[in-house]
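J.: Sequence and predicted structure are below.
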Amino acid sequence: MSFLLVLLLLHVSFAGEDCSREELLKKVVALMERHYLWWDRIKDSQWKSEQELIDHLRKIGDRWTSITRQEEDRLWYSSSKMIGLGVRWDDKGYVVKVFPKSPAEQHGVREGDLILAINGVNDKNQWRRVIREVEKGGIINLEIIREGLFMEIKVLKGEFSVPVIEEVRIIDHGDKKIGYIKLVNFTQPAVEQFREVMEKFNANNIDVLILDLRDNGGGLISVAKSIVDMLIGGEGVMFYLEGRGRNLGVYQFTNRQSFNKPIIVLVNKHTASASELVATLLRRYAGAVIVGENTVGKYVGSNMYILDSCGNVLRLITFEMKLPSGELVTTDKGINPDCKLEKENPIERSLECLSSQAFGVSPAGQP
């Protein structure tokens with residue numbers, strides 16, 4: 001019995017060493033030295049902790065490299081599910097969305113609540129990290145203002161689903177049929193769900209497709225490519241990925257035939273990464289008209305690396321997305337839309353823009 005106890009203690013001891021913060025930082029730095037796209041910008045720097053390193057990356061403009069949990073990472077990309085609160089807030093801290101059946105909804109958080117602090121942290125830039133560091137099932141304390149009154153709400157961190165497709169409509173507009181789809185992310189379920197919607201649109205013989213990518217922060221490059229394949233055709237290289245001077249993947253056209261109907265892509269300041277890739281490809285190869293605001297400007301992508309046996313993983317920026325010409329799919333200023341989108345009547349404005357572009361006329365209000 002005592003021998004077994006010694007073995008158990010040794011196992012715990014070694015496990016603790018494997019998952020120490022010091023070893024974690026060493027592993028992160030070693031991976032970055034080998035794979036990080038912008039290693040030359042930081043190679044002479046020193047950090048005392050992984051959080052200090054991440055804070056440094058934010059200062060040099062890398063908003064995306066992060067240390068996450070393997071369970072959460074895989075859950076998101078494979079099934080469009082997350083572990084957390086289930087809320088989306090704006091730049092001021094107002095809750096703009098509470099996901100159905102999420103922990104936040106179950107514990108009484110409402111749209112319109114103003115979040116002041118999460119677990120005592122007032123800095124909005126730190127809230128995602130604060131939530132991530134709480135174990136599943138742990139308590140997250142929200143300090144909020146609702147209708148002028150201060151409140152505290154305790155939420156148990158848990159799993160919730162994010163709908164891949166938020167809305168689908170067929171709109172009669174004069175003698176035209178408009179197929180509208182709001183696509184929220186590019187996780188694995190998006191491929192089949194998008195295919196089903198396109199089958200419905202084709203069966204109804206729509207005249208124009210509106211693909212709404214507002215607030216779509218991206219996802220898997222492979223999923224984005226599969227969706228683009230349903231809309232455009234061609235031959236040869238469609239786009240490629242390049243990391244630190246070497247090719248990391250070439251994506252060829254899969255089909256010869258295109259959708260052959262006008263396409264409008266709605267974007268905003270939260271449209272990023274794979275969404276920007278899709279918008280650029282549709283504009284380039286299908287003549288899509290892009291309507292909205294300048295996008296995020298995330299022309300880079302990441303890979304995941306396991307850090308330890310405790311479930312920590314590094315989501316590291318490793319490549320740029322490029323067109324066959326060598327151009328980036330977008331600059332760091334984001335995609336400049338063909339027409340600016342007013343908040344009222346986005347569909348009407350989009351169709352107006354499409355008509356103006358088709359006839360080479362600058363639409364009203366277009367700078």
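T.: That came through fine. Please read these numbers as outputs of a predicted model, since none were measured by experiment. Numbering: from 1, shown residues only.
J.: which residues sit in contact with the closest residue to residue 66 other than its chain neighbours?
T.: Once flanking residues are discounted, residue 66 sits nearest to residue 315: 5.1 Å by C-beta to C-beta, 6 or more residues apart in numbering. Any C-beta I mention is one placed from the backbone N, CA and C, and that applies to glycine too. With contact taken as C-beta atoms under 8 Å, 6 or more residues apart in numbering, residue 315 is in contact with 64-68, 73, 302-304.
J.: Using the three-state scheme, assign residue 315.
T.: Here residue 315 is strand, with the state taken from DSSP: H, G, I helix; E, B strand; the rest coil.
J.: From residue 197, how far out is the residue nearest the centre of the chain?
T.: Centroid-nearest residue in the chain, with C-alpha atoms, centre = their mean: residue 217, separated by 2.6 Å. Per C-beta to C-beta, to the nearest Å, residue 217 is found 20 Å from residue 197.
J.: again, but for residue 85
T.: Residue 85 sits at a distance of 29 Å from residue 197 (criterion: C-beta to C-beta).
J.: of those two, who's got more company?
T.: Between residue 85 and residue 197, counted using other C-beta atoms under 10 Å, residue 85 has the larger neighbour count: 28 against 18.
J.: domains of this protein?
T.: Annotated domains of the chain cover 101-161, 165-358 [automatic domain parsing].
J.: Compare these and give me the one nearest residue 38.
T.: Closest of the domains of the chain to residue 38 is domain 165-358, at 7.0 Å (criterion: C-beta to C-beta).
J.: can you map out the strands along the stretch 151-300 of the chain?
T.: For the stretch 151-300 of the chain, applying DSSP state E, counting those that start in this stretch gives strands covering 158-161, 165-173, 176-183, 208-212, 237-243, 246-252, 263-267, 289-292, 300-306.
J.: Dump these to a markdown table, plus mean pLDDT, distance to residue 28 and mean neighbour count.
T.: Listed next are these as a markdown table, based on pLDDT from 0 to 100; distance: least, C-beta to C-beta, whole Å; neighbours: other C-beta atoms under 10 Å:
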| stretch | mean pLDDT | distance to residue 28 | mean neighbour count |
| --- | --- | --- | --- |
| strand 158-161 | 93 | 27 | 18 |
| strand 165-173 | 93 | 35 | 13 |
| strand 176-183 | 94 | 33 | 19 |
| strand 208-212 | 95 | 37 | 23 |
| strand 237-243 | 96 | 17 | 18 |
| strand 246-252 | 89 | 20 | 13 |
| strand 263-267 | 95 | 33 | 26 |
| strand 289-292 | 93 | 36 | 26 |
| strand 300-306 | 95 | 9 | 17 |
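J.: which stretches of the chain have low pLDDT?
T.: Along the chain, the model assigns pLDDT under 70 to residues 1-18, 342-344, 357-367.
J.: re the thing from before, which among the contacts of residue 315 gets closest to residue 44?
T.: residue 65 (17.8 Å).
J.: Next up, the contacts around the closest residue to residue 218 other than its chain neighbours.
T.: Once flanking residues are discounted, residue 218 sits nearest to residue 273: 3.0 Å by C-beta to C-beta, 6+ apart. Each residue near residue 273 by C-beta under 8 Å, 6+ apart is listed here: 217-219, 296, 298, 300-301.
J.: mind running it again at 10 Å?
T.: If you count contacts by C-beta atoms under 10 Å, 6 or more residues apart in numbering, residue 273 has them with 64, 186, 216-221, 224, 295-302, 321, 329-330.
J.: Pull out the buried residues from the residues you listed.
T.: Listed as buried from the contacts of residue 273 are 64, 186, 216-221, 224, 295-302, 321, 329-330; burial here means 16 or more other C-beta atoms under 10 Å.
J.: Please report the distance of the nearest residue in space to residue 227 that is not next to it in sequence from residue 86.
T.: Excluding the flanking residues, the one nearest residue 227 by C-beta to C-beta, 6+ apart is residue 194, at 5.2 Å. In this view, residue 194 and residue 86 are 24 Å apart by C-beta to C-beta.
J.: okay, those two: which has more neighbours?
T.: When neighbours are counted by other C-beta under 10 Å, residue 86 comes out ahead of the other of residue 194 and residue 86, with 25 against 21.
J.: Can you pull the phi/psi pair for that one?
T.: Main-chain torsions, residue 86, degrees, to the nearest 10: phi 90, psi 40.
J.: Now it. Nearest residue, chain neighbours left out?
T.: Leaving aside its chain neighbours, residue 86 sits nearest to residue 102 (2.2 Å; criterion: C-beta to C-beta, 6+ apart).
J.: my read: that neighbour touches residue 84, true?
T.: Yes - counting by C-beta atoms under 10 Å, residue 84 is a contact partner of residue 102 at 8.2 Å.
J.: list the residues that contact both of the two?
T.: Residues touching both residue 102 and residue 84 (C-beta under 10 Å, 6+ apart): 155, 158-160.
J.: can you redo these as TSV with distance to residue 133?
T.: Putting the shared contacts of residue 102 and residue 84 into TSV (distance: C-beta to C-beta, whole Å) gives the following:
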residue	distance to residue 133
155	15
158	15
159	17
160	18
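J.: okay, among those, which ones form the most distant pair?
T.: Greatest spacing in these, by C-beta to C-beta: 155 and 159 (12.9 Å).
J.: Spell out which residues are contacts of both of the two.
T.: Counting by C-beta under 10 Å, 6+ apart, the shared contacts of residue 155 and residue 159 are 84, 86, 102-103.
J.: For the residue nearest to residue 218, give its distance to residue 69.
T.: Look at residue 273 and residue 69: by C-beta to C-beta, they are 20 Å apart.
J.: How about the contacts made by the residue lying closest to residue 253 once chain neighbours are set aside?
T.: In this structure, residue 253 finds its nearest non-sequential neighbour in residue 234, 4.1 Å apart by C-beta to C-beta, 6+ apart. For residue 234, the contacting residues are 252-258, 284-286, by C-beta under 10 Å, 6+ apart.
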